[in-house]
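# give me a 3D structure for the following:
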Amino acid sequence: MSIYTELFLTFAKIGSFTFGGGYAMIQMMEKEVVDKKQWLSHEEFMDTMIVAQSTPGLFAIDMASHIGLKIKGVAGGVVGALAVAIPSIIAILLIAIFFQEFKDNIYVEKIFMGVRPCVVALILAPCFGMAKKAKFNKYNWWIPIVTAVLISAFDVSPIWCILVAGIGGYIYGRIKK
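Numbering: from 1, shown residues only. Modelled structure (predicted):
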């Protein structure tokens, strides 16, 4: 099997079997890309997440394209992005076709009521995993707490938080040298 086929099948599977958007895909993506395929190390995966988060566009597509780019250049990036997006595109088309028929169905409504809490867990689970790998210490543990408060309570843009944290990390690194 060619690397392009393997990339496509891996990201199509991730795109097909995760619900809740890009953040819900993190855990499955890490298991496939780092643990199973060993295309990236844990540190490279974390760095890729940071870059994908900072890049305009959909997080899942950014992740897949950045990983594909690292593995097989621009063509790999295109394959990864398309593969993770195609299942969602198909699902959206099917929903659009059949939505009117099912929109008031009580069973569909109850299914969505059950799925919502699961999606929250799918988004939270990778956060705990990332926290374990983020090398928190007595100097930086407060950063994610302050960032979460700034974003949720004061509606500060995540972009500003990332920029300030990056500049702060750079300055800290220079001072520590």
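
# check contacts around residue 83.
7, 8, 9, 10, 11, 12, 15, 64 (Cβ atoms under 8 Å, 6 or more residues apart in numbering). Heads up, the C-betas are built off the backbone N, CA and C, glycines and all.

# between the residues you listed, which sits nearest residue 74?
residue 7 (12.6 Å; Cβ to Cβ).

# okay, that closest one: pLDDT?
For residue 7, the model assigns a pLDDT of 97.

# ok, then the element right after the helix or strand encompassing residue 111?
According to DSSP states H and E, residue 111 maps onto helix 106-133. Using DSSP H and E, the helix or strand that directly follows helix 106-133 along the chain is helix 142-154.

# what's around residue 167, how many residues?
Neighbourhood size, residue 167 [other Cβ atoms under 10 Å]: 10.

# quick one: the helix or strand harbouring it to helix 142-154, angle?
If you go by DSSP H and E, residue 167 is part of helix 158-176. Comparing the axes of helix 158-176 and helix 142-154 via axes from the mean of the first three to the mean of the last three Cα atoms, to 10 degrees yields an angle of 160 degrees.

# with only the CA atoms kept, save helix 158-176 in PDB.
C-alpha atoms of helix 158-176 as PDB (Å, rounded to 0.1, in the frame of the first residue of the first chain):
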ATOM      1  CA  PRO A 158      -7.500  32.900  21.800                       C
ATOM      2  CA  ILE A 159      -5.100  34.500  19.300                       C
ATOM      3  CA  TRP A 160      -4.000  37.100  21.800                       C
ATOM      4  CA  CYS A 161      -3.500  34.400  24.500                       C
ATOM      5  CA  ILE A 162      -1.400  32.300  22.100                       C
ATOM      6  CA  LEU A 163       0.700  35.400  21.000                       C
ATOM      7  CA  VAL A 164       1.300  36.600  24.600                       C
ATOM      8  CA  ALA A 165       2.100  33.100  25.800                       C
ATOM      9  CA  GLY A 166       4.500  32.600  22.900                       C
ATOM     10  CA  ILE A 167       6.200  35.900  23.500                       C
ATOM     11  CA  GLY A 168       6.400  35.200  27.200                       C
ATOM     12  CA  GLY A 169       7.900  31.800  26.600                       C
ATOM     13  CA  TYR A 170      10.500  33.300  24.300                       C
ATOM     14  CA  ILE A 171      11.400  36.000  26.800                       C
ATOM     15  CA  TYR A 172      11.500  33.400  29.600                       C
ATOM     16  CA  GLY A 173      13.800  31.200  27.500                       C
ATOM     17  CA  ARG A 174      16.100  34.000  26.800                       C
ATOM     18  CA  ILE A 175      16.300  35.100  30.400                       C
ATOM     19  CA  LYS A 176      16.800  31.600  31.600                       C
END
